[in-house]
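1. What shape does this take:
(chains A and B)
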Number of protein chains: 2
Amino acid sequence: MLTLDILPEIEALMDKQGVNPQTKEHLLKCSRFHTFSAPGLLIGVYMTEYALELLKAQPDEILYAVSETHKCAPDALQIIAGCTVGNNRLRVIPIGRFAITINRKSWDPEVEGVRVFVDLNKLKQYPIINAWFTNDPSFDHHGNVMPLLDEIFIAGRKILSYEKVMVQTEIKKKWKSVTCTMCGETVPDYLAQGDLCISCAGTNYFRKISI
Amino acid sequence: MLTLDILPEIEALMDKQGVNPQTKEHLLKCSRFHTFSAPGLLIGVYMTEYALELLKAQPDEILYAVSETHKCAPDALQIIAGCTVGNNRLRVIPIGRFAITINRKSWDPEVEGVRVFVDLNKLKQYPIINAWFTNDPSFDHHGNVMPLLDEIFIAGRKILSYEKVMVQTEIKKKWKSVTCTMCGETVPDYLAQGDLCISCAGTNYFRKISI
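-> Have a look, this model is predicted:
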């Protein structure tokens, strides 16, 4: 497990491979947020930086992002691009591809954006990343993963490709507050089923126990 | 808009209302991550701190969380509890209630957790928060929101209630890598439709344009 106590070792590896200071800062900051230096997170940092550069984004510009996977990549977008789940500028659309898209704000139904993804053809030059990424049985997830991180720092953006895309935007819904007659909590009207919230109507991830 | 340039003013308000140093640090850190001091985020900080205390969580303990809304609250969980979208310890279940649940790791199908929510009955003592929270037309979203923040700092946890719950856990799926025959990218087999990824099979949030 690449826990934060071995961050100095990982930092030394970055220095050895000549990772630039800005990227290094992002890699460390994202690792602390994520609570460990996951390989996918490190690749996510390179993807996010690449997308921002292609978009010619200004520092602190208000941007919107999609991650096509819930694994690791969303955290790089949250820390580096300021697109968080809670500020509603990050959508995680569970397609399962290791790809992200970043675009500017728009009131139009679609807006130009940049999509960055891991390119399988380019990955062939990096056998350890390739084995890990494709979940090949030859990769030992419980063994020493430092050679994998080393290869990730060597590869940087060289395993990535991009495309320009038109992204469907989401319009902020107007809403009224509805109080569920069962639990007594409020929900927006567009998430209510009659006079019940969807949890009391049946979609529950928990059951109550006495305190 | 409660952008970061007025953070010193908000900090002064916290001091005026005697917000304790630990909570203040959380409020400021979450605001920077969220890119502004949203009222819901500030309430989310109090909710997260309360849930952690009720759970008797240790510092840096590995925890799992659910947010029943995508609005603001997930960001407090990510920063304070270390449960992020990308590290797979935060689930956003879009029920629309302003409530969170935190629990410990478990290999069982369900595990005890603490659910904290905004209590409508308690909210009646705080008319500005109540008007904002219930989206009442009397609340001017474009006017001065400092009185709202002031009331949030006065109220702290006093608008919250909790319950003990048994949370359904999620088991990490085993997967094989599948290469989509259309886009050439890989997805886990459980997210493929035949030899296509679900994006190429029809679930698309973008369309390609030429570079």
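
2. going forward, measure contacts between C-alpha atoms and count neighbours the same way
-> Noted.

3. Now do residue A:196 against residue B:42, distance only.
-> 27 Å (C-alpha to C-alpha, to the nearest Å).

4. Mind listing what's buried along stretch A:120-140?
-> The neighbour-count check on stretch A:120-140 (16 or more other C-alpha atoms under 10 Å in any protein chain shown) flags A:120, A:123, A:126, A:128-135, A:139 as buried.

5. nearest to residue B:201, of those residues?
-> Using C-alpha to C-alpha, residue A:120 comes nearest to residue B:201 of the buried residues of stretch A:120-140, at 19.6 Å.

6. Residue A:196 and residue B:42: who's more crowded?
-> More neighbours surround residue B:42 than the other of residue A:196 and residue B:42, with 25 against 22 (other C-alpha atoms under 10 Å in any protein chain shown).

7. Test my guess that the more buried one contacts residue B:26.
-> No - at 9.0 Å, residue B:42 does not count as touching residue B:26 under the criterion of C-alpha atoms under 8 Å.

8. Which parts of chain A are strands?
-> A:63-67, A:90-92, A:99-104, A:110-118, A:160-168, A:177-179, A:186-188, A:192-193, A:196-197, A:206-209 (DSSP state E).

9. Any chance of JSON lines for the ones you listed, columns mean pLDDT?
-> As requested, the strands of chain A are exported to JSON lines (pLDDT from 0 to 100):
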{"stretch": "strand A:63-67", "mean pLDDT": "98"}
{"stretch": "strand A:90-92", "mean pLDDT": "97"}
{"stretch": "strand A:99-104", "mean pLDDT": "98"}
{"stretch": "strand A:110-118", "mean pLDDT": "96"}
{"stretch": "strand A:160-168", "mean pLDDT": "96"}
{"stretch": "strand A:177-179", "mean pLDDT": "95"}
{"stretch": "strand A:186-188", "mean pLDDT": "95"}
{"stretch": "strand A:192-193", "mean pLDDT": "94"}
{"stretch": "strand A:196-197", "mean pLDDT": "94"}
{"stretch": "strand A:206-209", "mean pLDDT": "86"}
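
10. Just send these back as TSV, with distance to chain B too.
-> Output for the strands of chain A, formatted as TSV (distance: least, C-alpha to the nearest C-alpha, whole Å):
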stretch	distance to chain B
strand A:63-67	9
strand A:90-92	9
strand A:99-104	9
strand A:110-118	8
strand A:160-168	4
strand A:177-179	5
strand A:186-188	5
strand A:192-193	8
strand A:196-197	7
strand A:206-209	4
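
11. Of these, which is nearest residue B:82?
-> Residue B:82 lies closest, by C-alpha to C-alpha, to one member of these: strand A:90-92, at 18.1 Å.

12. any residues touching that closest one, and which ones?
-> By C-alpha atoms under 8 Å, 6 or more residues apart in numbering or on different chains, the surrounding residues in contact with strand A:90-92 are A:64-70, A:74, A:77-78, A:83-85.

13. how about that strand: buried residues?
-> Residues A:90-92 are the ones in strand A:90-92 that count as buried (16+ other C-alpha under 10 Å).

14. Now do the contacts for the one residue sitting closest to the centre of chain A.
-> Centroid-nearest residue in chain A, with C-alpha atoms, centre = their mean: residue A:74, separated by 1.3 Å. Contacts for residue A:74 (C-alpha under 8 Å, 6+ apart) come out as A:44, A:67, A:90, A:92, B:85-86.

15. Just the closest of the residues you listed to residue B:180, please.
-> residue A:67 (17.8 Å).

16. so can I have JSON lines of the contacts of residue A:74 showing distance to residue A:182?
-> As requested, the contacts of residue A:74 are exported to JSON lines (distance: C-alpha to C-alpha, whole Å):
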{"residue": "A:44", "distance to residue A:182": "43"}
{"residue": "A:67", "distance to residue A:182": "35"}
{"residue": "A:90", "distance to residue A:182": "32"}
{"residue": "A:92", "distance to residue A:182": "31"}
{"residue": "B:85", "distance to residue A:182": "30"}
{"residue": "B:86", "distance to residue A:182": "33"}
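
17. Helices of chain A, residue ranges please.
-> Applying DSSP state H to chain A gives helices spanning A:7-16, A:21-34, A:39-54, A:73-80, A:120-123, A:127-133, A:146-155.

18. Provide the strand pairings for the least confident helix or strand in chain A by mean pLDDT, with the direction of each partner.
-> Least confident helix or strand, chain A: strand A:206-209 with a mean of 86, by mean pLDDT, DSSP states H and E. Taking DSSP bridges as the criterion, strand A:206-209 forms sheet pairs with strand B:160-168 (antiparallel).

19. Any chance you could list what contacts the strand it pairs with?
-> By C-alpha under 8 Å, 6+ apart, strand B:160-168 touches A:205-211, B:47, B:103, B:109-119, B:122.

20. Now for the residue nearest to residue A:113 when sequence neighbours are not counted: which residues touch it?
-> Spatial nearest neighbour of residue A:113, excluding adjacent residues (C-alpha to C-alpha, 6 or more residues apart in numbering or on different chains): residue A:103 at 4.3 Å. By C-alpha under 8 Å, 6+ apart, residue A:103 lies in contact with A:55, A:63-65, A:111-114, A:167.

21. Good, wrapping up.
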